[in-house]
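> Below: sequence and its predicted model.
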2 protein chains.
Amino acid sequence: MPTKVAIVEDDRLVREMLAGFLNDSPGFRCVCQFENAADALREIPQARPDVVLMDINMPGMSGIECLARLKELLPAIPVLMLTVYADTDNIFHALQAGASGYLLKRTDPDKLLEAIREVMSGGVPMTGEIAQKVIATFRPHPAGRPVPETPELSAREVEVLDLLARGFVAKEVADRLQLSFDTVRTYIRRIYVKLHARSRGEAVSKYLKSKRP
Amino acid sequence: MPTKVAIVEDDRLVREMLAGFLNDSPGFRCVCQFENAADALREIPQARPDVVLMDINMPGMSGIECLARLKELLPAIPVLMLTVYADTDNIFHALQAGASGYLLKRTDPDKLLEAIREVMSGGVPMTGEIAQKVIATFRPHPAGRPVPETPELSAREVEVLDLLARGFVAKEVADRLQLSFDTVRTYIRRIYVKLHARSRGEAVSKYLKSKRP
DNA sequence: TGTCTCGTCCCCCAAATGAGTGACGCCGCG
DNA sequence: CGCGGCGTCACTCATTTGGGGGACGAGACA
């Protein structure tokens, strides 16, 4: 019985070429394809593929969000992320959400089949490029601790974050710290990048947790 | 030597009547008056009054914010809050920020002098009406614990807050919980009221602190 | 029975936020 | 000596938020 593959990819061309390629490869079968995350979430539980190939950049729900939700429905299903970008942030989020592998789209087709086989046998395939970034993320800089660390915020950033945690809005922080509003917003943005956060709530929560674990 | 009083009050009429009244009262002296919080913050450290009468409702910086900052500059100076509103929220914030007393403006003038005397001798004067609300705030409902409690959030509210702490925005929370966007916002608003918070950051911070003190 | 809290949803509005850019000077590390 | 990180500020834009309302049914509690 061939390995049943589901494809989630908004670009029709890429999607169909991928499906075609899989169907031409002995031992693989594309059993369903979706052009958006919502459809995928709805149909995949019925389709019961063995593995999902998921694009990250899609209009509407992102592949990472889709991955996270899919994992709630079907925790066991392996999902391979496919993307054109090798940016640390997406990698981080995808792995955190339970991705079973992370491939760049420019990966050559044979490697893709290999990766699917690998994932089916419990591996976590990723290109060397990605693997490097992954280990970099988990080992901040020097002689590393093995756990994901809070990237160290600068003193100013901590000041700002602390005030945010105490309920002040950006404008009030600016007043208090005698800074311009835009400066404070710059800090907040940098904090988000460092903490992999997207909102006040997440930043504050990670900040507090890093203080008292 | 008379007690030196500073007045912060935007309403000119009220301010001057108050000053006049104090200056007519033996043992009291209004040494400075300000029509806004910013001026007060700038001048009060120089003027060195014995006590500050602070209005809450002022355009621009509120009396509570002014109080908080003043306390950073001069932690020892007693500040009496004067307000027309007896709403729990302002009381809560003012006391938290270090107010030494909380009077309603409709308090009769003699009581005001008495309150100033009381504050000067280390007391925390407040009208009975206020005092009631204060104790109510510190003792949620039944047979009370003496410490300020996290008002218990409902199960749904906790669910929402938890997702907020994990970085989801209201819309995403709605999707995840299968609720309408407006419903989620209603929860968030109720959470703010219960937690005396004004933002994601403050709510999340109080929530996490209540879980691990 | 009346009054409350919940859970759910709806509307409006002004202000705050996030995101994307861009810029400039300073400092430290290689 | 350049490059990156930091601190500082500016501008634009769509979206989200916070803060007001109001509404209705289901239970709880009195």
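Done, it's in. For clarity, every value in this text was computed on a predicted model and none was experimentally measured.

> pLDDT averaged over stretch A:58-76, what's the number?
Stretch A:58-76 comes out with an average pLDDT of 80.

> can you give me the end-to-end distance of that stretch?
Start-to-end span of stretch A:58-76 (C-alpha to C-alpha, to the nearest Å) is 23 Å.

> got the buried residues for stretch A:185-197?
A:185, A:187-188, A:191-192, A:194-197 (16 or more other C-beta atoms under 10 Å in any protein chain shown). From N, CA and C alone the C-beta is placed, and that goes for glycine too.

> With stretch A:164-183 instead?
Using 16+ other C-beta under 10 Å as the test for burial, stretch A:164-183 gives A:164-168, A:170, A:172-177, A:179, A:183.

> swap in stretch A:67-87?
For stretch A:67-87, burial by neighbour count (16+ other C-beta under 10 Å) applies to A:67-71, A:77-83, A:86.

> Would you map the helices across chain A?
A:12-24, A:37-47, A:63-73, A:88-96, A:109-120, A:128-138, A:155-165, A:170-177, A:181-195, A:200-211 (DSSP state H).

> Report the mean confidence score over the shortest one.
By that I understand helix A:170-177. Helix A:170-177 comes out at a mean pLDDT of 88.

> got any ranges where chain A has weak pLDDT?
Flagging of chain A using pLDDT under 70 yields the residue ranges A:85-89, A:92, A:96, A:122-124, A:126-151, A:212-213.

> residues in it within reach of DNA strand D, list them.
A:152, A:154-157, A:179-183, A:185-187, A:190, A:199-200 (C-beta under 7 Å from any atom of the strand).

> OK, contacts around the residue of chain A positioned farthest from its centre?
No residue in chain A sits farther from the centre than residue A:178, which is 36.8 Å out by C-alpha atoms, centre = their mean. By C-beta atoms under 8 Å, 6 or more residues apart in numbering or on different chains, the contact list for residue A:178 is empty.

> hmm, back to that, quick one: which of the buried residues of stretch A:164-183 is nearest to chain B?
Within the buried residues of stretch A:164-183, the smallest distance to chain B is 2.9 Å, found for residue A:167 (C-beta to the nearest C-beta).

> Just give the closest residue to residue A:25, not the sequence neighbours.
residue A:113 (5.7 Å; C-beta to C-beta, 6 or more residues apart in numbering or on different chains).

> Ok, residue A:60 next?
Nearest non-adjacent residue to residue A:60 (C-beta to C-beta, 6+ apart): residue A:36, at 5.5 Å.

> One more: residue A:78?
Counting by C-beta to C-beta, 6+ apart, the residue nearest residue A:78 is residue A:100, at 3.8 Å.

> What's the local residue count around the one you found?
Counted with other C-beta atoms under 10 Å in any protein chain shown, residues neighbouring residue A:100 total 24.

> Look up how far residue B:164 lies from residue A:97.
Using C-beta to C-beta, to the nearest Å, residue A:97 is found at 18 Å from residue B:164.

> Oops, could you answer that again for residue A:166 instead?
Relative to residue B:164, residue A:166 is positioned 16 Å away (C-beta to C-beta).

> returning to that earlier point: out of the buried residues of stretch A:67-87, which is nearest to residue B:52?
Closest approach to residue B:52 among those (C-beta to C-beta): residue A:68, at 52.3 Å.

> quick one: that closest one and residue A:98 touch, right?
Yes: counting by C-beta atoms under 8 Å, residue A:68 touches residue A:98, with 7.2 Å between them.

> Pick out the residue nearest the middle of chain A.
By C-alpha atoms, centre = their mean, the most central residue of chain A is residue A:94, 2.3 Å off.

> if you skip the residues just before and after it, what's nearest to that residue?
Using C-beta to C-beta, 6+ apart, the nearest residue to residue A:94 is residue A:81, at 4.9 Å.

> which residue does chain A bring closest to DNA strand C?
residue A:170 (3.0 Å; C-beta to the nearest atom of the strand).

> what's near enough to touch that residue?
Applying C-beta under 8 Å, 6+ apart, the residues near residue A:170 are A:164, A:181, A:184-185, A:188.

> So if we follow the domain assignment, how does chain A break up?
With domains defined by automatic domain parsing, chain A comprises A:3-126, A:139-211.

> Near DNA strand C, which residues of chain A? Just list them.
A:169-171, A:185-186, A:188-189, A:192, A:198-200.

> Mind picking the two most distant members of these?
Farthest pair in these (C-beta to C-beta) is A:171 and A:198. Separation: 20.5 Å.

> Among the residues of chain A next to DNA strand C, which one lies nearest to residue B:7?
residue A:171 (27.0 Å).

> what residues are up against the closest one?
Counted by C-beta under 8 Å, 6+ apart, residue A:171 has contacts A:181, A:184.

> tell me, how many neighbours does the residue lying closest to residue A:67 once chain neighbours are set aside end up with?
In space, not counting the residues next to it along the chain, residue A:67 is nearest to residue A:97; the distance is 4.9 Å by C-beta to C-beta, 6+ apart. Residue A:97: 18 surrounding residues under other C-beta under 10 Å.

> how far away is residue A:97 from residue B:171?
Distance, residue A:97 to residue B:171, by C-beta to C-beta: 18 Å.

> With residue A:112 instead?
To residue B:171, residue A:112 is 34 Å away according to C-beta to C-beta.

> got it, and residue A:11?
25 Å.

> Check residue A:9 too.
Counting by C-beta to C-beta, the gap from residue A:9 to residue B:171 is 24 Å.

> Residue A:57 - nearest residue in space that isn't next to it in sequence?
In space, and not counting its chain neighbours, residue A:57 is closest to residue A:83: 6.6 Å by C-beta to C-beta, 6+ apart.

> Contact partners for that neighbour?
A:55-57, A:63, A:90, A:102-105.

> Can you select the buried ones among those for me in PyMOL?
Buried residues among these (16+ other C-beta under 10 Å), as a PyMOL selection:
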select buried, chain A and resi 55+56+63+90+102+103+104
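
> Let me know the closest of the buried residues of stretch A:67-87 to residue B:2.
For the buried residues of stretch A:67-87, the minimum distance to residue B:2 (C-beta to C-beta) is 67.6 Å, reached by residue A:68.

> so who does the closest one touch?
Here residue A:68 is in contact with A:97-98 (criterion: C-beta under 8 Å, 6+ apart).

> go on, residue A:36?
Residue A:36 neighbours (C-beta under 8 Å, 6+ apart): A:8, A:10, A:58-61.

> out of those, which are buried?
Counted by 16+ other C-beta under 10 Å, the contacts of residue A:36 give A:8, A:10, A:58, A:61 as buried.
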